[in-house]
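Asks: Dropping a prediction and its sequence here:
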Amino acid sequence: MTVFFQLAVTAALALAVVTGTIAYFRAVRTARPPVGVFNGRDIFLMMGFVLALPYVYLALPGAVLPAVLALVFAGGLSVGYQPVIGDGRLRWALITALIASVLAAHLAFGETAPPYWIANSCVVGLVVVSATNLNVQGGMKLANVARFLLALAAYDAFFAWVVPLTQQLADAVQGYPYAPAAGLRIGEDLGAVVGMGDLLAYALFTTTAYKAYGRAGLRTGIALVLLFGALAPVGALHLVGALTGEAPALVPAQVFFGPAAFVGYRLLRRRGPERRMRDLTFPTDRTPVPTATPREAPTPTPAPTSAGTA
């Protein structure tokens, strides 16, 4: 029962975030930042940010951490959905309501209750959708994403099995709202949680693959997300538990997904060079052609009639 619950929740969350990201990508255009194109230096800086962020979180006092996470979520939502809701007051009112709903559900039901996890998952999913599009529409290429995910796989393996930083961060947010993860818990027995970073990895690869190679890239991304983002990590978790008699505390999903995504990129690149944002045209990008106003038909001049003679 547990394995099917975890597999169903993990797959549903991954597909929901990927679907939302693709829908945003097709319907909304974000402002392109004047940063040029992504290169190896940008990937290095991103990895530096990923490495430093957990240490920043762990350095904060326990009561301060959820407040910082709430501010990070609110800022990400404001920037990402400015093209969708241009009215700043309305946008911030909706963001405040979303952030407050997470806290209210946590206080009313607790951190193991479904209402809290549903509210928190909605906020995390919306942040991932906006963050993905800011990067992909800002110029990130599939090659950049594939290399980043390969490096992220090594990072996750090291900090899960050598230096347990990931587990320390998970323990630090226990008992507080605004966990940087999505999932569903039903009491103490059933639970499935997907890290925010994992959801971002799935959305980044799938959306960039779609931008680069169209439907072929989208199909590849979804297949890899389901097989190596959901099935492989959940299966490995229970397989190790069955073989050793003790299930591991966590299995880093990027250990499976990162290498698979890199192989998927290598296969897709055989189709040719990647498409860029300026190469794409969606129905929402097209300017309606004005309909010509029909001219008023001229009144026909009656033909002259000839009078007969008696």
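Replies: Received the coordinates, thanks. Residues are numbered from 1 along each chain as shown.
Asks: Could I get the buried residue list for whichever helix in the chain runs longest?
Replies: Counting by DSSP state H, the longest helix found in the chain is helix 196-224. Within helix 196-224, the residues that qualify as buried are 196-213, 217-218, 220-222, 224, counting by 16 or more other C-beta atoms under 10 Å. To be clear about C-beta, it is placed using only N, CA and C from the backbone, and glycine gets the same treatment.
Asks: now swap in stretch 232-241 and tell me
Replies: Across stretch 232-241, burial judged by 16+ other C-beta under 10 Å covers Ala232, Pro233, Val234, Ala236, Leu237.
Asks: Show me the two of these that sit farthest apart.
Replies: Across these, the two members that end up farthest from each other (C-beta to C-beta) are Ala232 and Leu237, 9.7 Å apart.
Asks: show me what contacts Gly221?
Replies: For Gly221, the contact set (C-beta atoms under 8 Å, 6 or more residues apart in numbering) comprises Val18, Tyr202, Phe205, Thr206, Thr207, Ala209, Tyr210, Gly264.
Asks: tell me how far the helix or strand encompassing the first one is from the chain's mean position?
Replies: Read it as Val18. Val18 belongs to helix 2-27 when assigned by DSSP states H and E. Chain-centre distance of helix 2-27: 9 Å, with C-alpha atoms, centre = their mean, to the nearest Å.
Asks: And it, what's buried?
Replies: Across helix 2-27, burial judged by 16+ other C-beta under 10 Å covers 5-7, 9-11, 13-18, 20-22, 24-25.
Asks: Also stretch 86-102?
Replies: Arg91, Ile95, Leu98, Ile99, Ser101, Val102.
Asks: One more: stretch 124-133?
Replies: Residues Val124, Gly125, Leu126, Val127, Val128, Val129, Ser130, Ala131, Thr132, Asn133 are the ones in stretch 124-133 that count as buried (16+ other C-beta under 10 Å).
Asks: helices or strands up against the host helix or strand of Leu150?
Replies: Assigned by DSSP H and E, Leu150 belongs to helix 142-157. If contacts are counted by 3 or more C-beta pairs under 8 Å, 6 or more residues apart in numbering; DSSP states H and E, helix 142-157 sits against helix 40-59, helix 196-224, helix 254-268.
Asks: Mean pLDDT for the ones you listed - can I get that in JSON lines?
Replies: Output for these, formatted as JSON lines (pLDDT from 0 to 100):
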{"stretch": "helix 40-59", "mean pLDDT": "66"}
{"stretch": "helix 196-224", "mean pLDDT": "95"}
{"stretch": "helix 254-268", "mean pLDDT": "96"}
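Asks: Glu274 is nearest to which of these?
Replies: Among these, helix 196-224 comes nearest to Glu274, with 3.8 Å by C-beta to C-beta.
Asks: could you point out which element follows that closest one?
Replies: Immediately after helix 196-224, counting by DSSP H and E, sits helix 232-244.
Asks: distance between that next one and the chain's centre?
Replies: 26 Å.
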